[in-house]
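Undergrad: Mind looking at a prediction? Sequence and model below.
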There are 2 protein chains.
Amino acid sequence: MTHNQLLEEIREKASFLCVGLDTEKEKIPAFLQGEKDPLFAFNRKIIDATARYAVAYKINSAFYESCGAEGWISLEKTVKYIKEKHPGIFVIADAKRGDIGNTSRMYAKAFLGNMPFDAITVAPYMGEDSVAPFLSFPDKWAIILALTSNRGADDFQYHSDDGIKLFERVISVSRKWGTIDNTMFVIGATKPEMLREVRKIVPDHFLLVPGVGAQGGSLAEVAKFGMNSSCGLLVNSSRAIIFADSTRSFADAAAVKAQEMQTEMAEYLRQKKLI
Amino acid sequence: MTHNQLLEEIREKASFLCVGLDTEKEKIPAFLQGEKDPLFAFNRKIIDATARYAVAYKINSAFYESCGAEGWISLEKTVKYIKEKHPGIFVIADAKRGDIGNTSRMYAKAFLGNMPFDAITVAPYMGEDSVAPFLSFPDKWAIILALTSNRGADDFQYHSDDGIKLFERVISVSRKWGTIDNTMFVIGATKPEMLREVRKIVPDHFLLVPGVGAQGGSLAEVAKFGMNSSCGLLVNSSRAIIFADSTRSFADAAAVKAQEMQTEMAEYLRQKKLI
């Protein structure tokens, strides 16, 4: 998928919502626990209920790996289901991979070759040759961790060298590894004013913004500081949507939460004259 | 496994060799490709042939993930086989994981809870709360990426803030998250003189050193600059051992390569009066 195709999807749905499928087995409603594949049964209902409000899904691989080989099958089935039913939707493997070249090639094969993911999140610490293999698949994206939304982001990401913070250096160095058609950056929403600094370095790139919702970030501030003339934002919400309710109505409740976010997003897109 | 138990294993075998099971399916000898589980069939023979010379195995998860759910099963079978046949051997999941707390907990469950790995390699970029879940399993270890052996290590790891390089900051900050009984650091062998700097910060910790062999690092220099009074080193070799030969004699060839390294290691252990 290209930058422009993603923008078209955003305009059509009046949304830049990414729904995070952090599907924790223990949190799946009790009536689904007896299914042969509870993770996929849950995801399918969430996807069917929220796809009209979302332009992207982000599948958090840790939650599937914690269920062993069965979980890996649920992961495969989920990404295939989204791409078959909703081919215009952008699907991200949130896997935070990155290793020496021959190993990153294997991770890229696992997620971008064998499975129809559009993108994978990658860790920048090991530098260019650890990310390059993810950029070698046509129309696929690497989403590079820059500024994360957790407390530990302070440990290294804010440390500065000659006045340049590590996350700023990560962005300014790694933006040269690819293009705006195959590279995004993860920028957490918990300090949305940092998006202003990020936009000085990468005015045109898409940013994947987690941390809105359960982690406390403000959608209004993210839009204010982060939106550019092609929107340039995918804002993720996971638990606040998918675990909004634990009864038989869980998918309806998820749709309500997703629609609330989409409605607010439409307003910001209108203000920016993008729709 | 504790620091002292690992040292005992090193003394008994006169070795600090870690064999890396970077088992690339396409490189497995042709006569094994028809097996039901070629990755496990290959690994089992490599393990049986090399276990007398190795104190650790490092299973590189990327190579298994690239084979999908079947690969995940091969990974599970491999770690279980090692722990059942050779319970004294230290088994590392080389997975380079790390994410926000609730996600790292899932990765920790996947590798240290569900599977009998002794340790997992973790990425430091997201800070303390991304690593803490891996340190919450008794007798299990987190091996924190500090200085890697690839070209891209120059992109960020050597950048300095007030004269302290990022990899030095990673070590000096993260050593406080755990103890010498549950934390190691990855230090690549391609610039072994850097081990002298590392030893100033963590004189007592074990270091996992990749990059000897196929990547060109020198075992003699690693021992010279990195060994401490408890050995403090696990030196990994992957391709140079496991793919030494592609015929029916591949396991014998791997044993020869492993023994060569063990013999050299025994000499360095004697020089240090550890055996």
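TA: Ah, there it is.
Undergrad: which regions of the stretch 1-150 of chain A sit below the pLDDT cut-off?
TA: By pLDDT under 70, the stretch 1-150 of chain A has no low-scoring segment.
Undergrad: Now do the strands in it.
TA: Applying DSSP state E, counting those that start in this stretch to the stretch 1-150 of chain A gives strands spanning A:17-21, A:56-60, A:90-97, A:119-122, A:141-147.
Undergrad: Leaving out sequence neighbours, find the closest residue to A:A30.
TA: Spatial nearest neighbour of A:A30, chain neighbours left out: A:S246 (7.7 Å); criterion: Cβ to Cβ, 6 or more residues apart in numbering or on different chains. Backbone N, C-alpha and C define where each C-beta goes, glycine included.
Undergrad: hang on, that neighbour packs against A:F31?
TA: No. A:S246 is beyond contact range of A:F31, at 9.8 Å (criterion: Cβ atoms under 8 Å).
Undergrad: what's the helix ranked longest in chain A packed up against?
TA: Of all segments of type helix in chain A, defined using DSSP state H, the longest is helix A:250-271. Helix A:250-271 sits against helix A:3-13, strand A:17-21, helix A:38-50, helix A:219-226, strand A:233-237, helix A:239-242, with contacts defined as 3 or more Cβ pairs under 8 Å, 6 or more residues apart in numbering or on different chains; DSSP states H and E.
Undergrad: Can you list the buried residues in the last one?
TA: By that I understand helix A:239-242. A:A240, A:I241, A:I242 (16 or more other Cβ atoms under 10 Å in any protein chain shown).
Undergrad: how much space is there between the last one and chain B?
TA: Using Cβ to the nearest Cβ, to the nearest Å, we find A:I242 at a distance of 13 Å from chain B.
Undergrad: Mind listing what's buried along stretch A:183-203?
TA: A:183-192, A:194-195, A:197-199, A:201-202.
Undergrad: Test for you: state the pLDDT assigned to A:P192.
TA: pLDDT recorded at A:P192 is 88.
Undergrad: sorry, that was for A:G211
TA: So, for A:G211, pLDDT stands at 83.
Undergrad: looking at chain A, which residue ends up farthest from its center?
TA: A:D162 (31.2 Å; Cα atoms, centre = their mean).
Undergrad: Just list the residues touching that one, thanks.
TA: Contacts of A:D162 were listed using Cβ atoms under 8 Å, 6 or more residues apart in numbering or on different chains, and none were found.
Undergrad: So which bits of the stretch 151-275 of chain A are right by chain B?
TA: A:151-157, A:159-161, A:166, A:169-170, A:173-174, A:215 (Cβ under 8 Å from any Cβ of the partner chain).
Undergrad: okay, and for the stretch 151-275 of chain A, where does confidence drop off?
TA: Applying pLDDT under 70 to the stretch 151-275 of chain A picks out residues A:214-216.
Undergrad: For chain B, what is the nearest residue in it?
TA: As assessed by Cβ to the nearest Cβ, chain B sits closest to A:G152 within the stretch 151-275 of chain A, at 2.2 Å.
Undergrad: Now that residue: closest residue in space that isn't a chain neighbour?
TA: B:G127 (2.2 Å).
Undergrad: Kindly provide the distance from that neighbour to A:L269.
TA: For B:G127, the distance to A:L269 equals 34 Å [Cβ to Cβ, to the nearest Å].
Undergrad: So these two - more neighbours on which side?
TA: Neighbour totals were compared for B:G127 and A:L269, and B:G127 leads with 24 against 21 (other Cβ atoms under 10 Å in any protein chain shown).
Undergrad: and A:G232, how far is that from A:Y64?
TA: Taken as Cβ to Cβ, the span from A:G232 to A:Y64 is 29 Å.
Undergrad: now swap in A:N114 and tell me
TA: Distance of A:N114 to A:Y64, given as Cβ to Cβ: 14 Å.
Undergrad: So which of those two has more stuff around it?
TA: Taking neighbours as other Cβ under 10 Å, A:N114 and A:Y64 compare with A:Y64 leading, 28 against 15.
Undergrad: contacting residues around that one?
TA: By Cβ under 8 Å, 6+ apart, the neighbours of A:Y64 are A:T23, A:L39, A:G71, A:W72, A:S74, A:L75.
Undergrad: Can you give me the distance of A:A41 to A:E76?
TA: 15 Å.
Undergrad: go on, A:G211?
TA: 28 Å.
Undergrad: who has more neighbours, these two?
TA: The neighbour count for A:G211 versus A:E76, taken as other Cβ under 10 Å, is higher for A:G211 (26 against 17).
Undergrad: so that one touches A:A153, yeah?
TA: No. A:G211 lies out of contact with A:A153 (Cβ under 8 Å); the separation is 10.0 Å.
Undergrad: Identify the contacts common to those two.
TA: Counting by Cβ under 8 Å, 6+ apart, the residues touching both A:G211 and A:A153 are A:G188.
Undergrad: and the nearest residue to A:G178 once chain neighbours are set aside, how many neighbours?
TA: Leaving aside its sequence neighbours, A:G178 sits nearest to A:L135 (Cβ to Cβ, 6+ apart; 4.7 Å). Counted by other Cβ under 10 Å, the residues lying close to A:L135 total 18.
Undergrad: Same check on A:E35?
TA: Residues lying near A:E35 (other Cβ under 10 Å) number 12.
Undergrad: For it, which residues are in contact?
TA: A:A41.
Undergrad: List the backbone torsions phi and psi for it.
TA: A:E35 adopts backbone torsions of phi -60, psi 160, taken as degrees, to the nearest 10.
Undergrad: do you know how far it is from chain B?
TA: Distance from A:E35 to chain B, by Cβ to the nearest Cβ: 18 Å.
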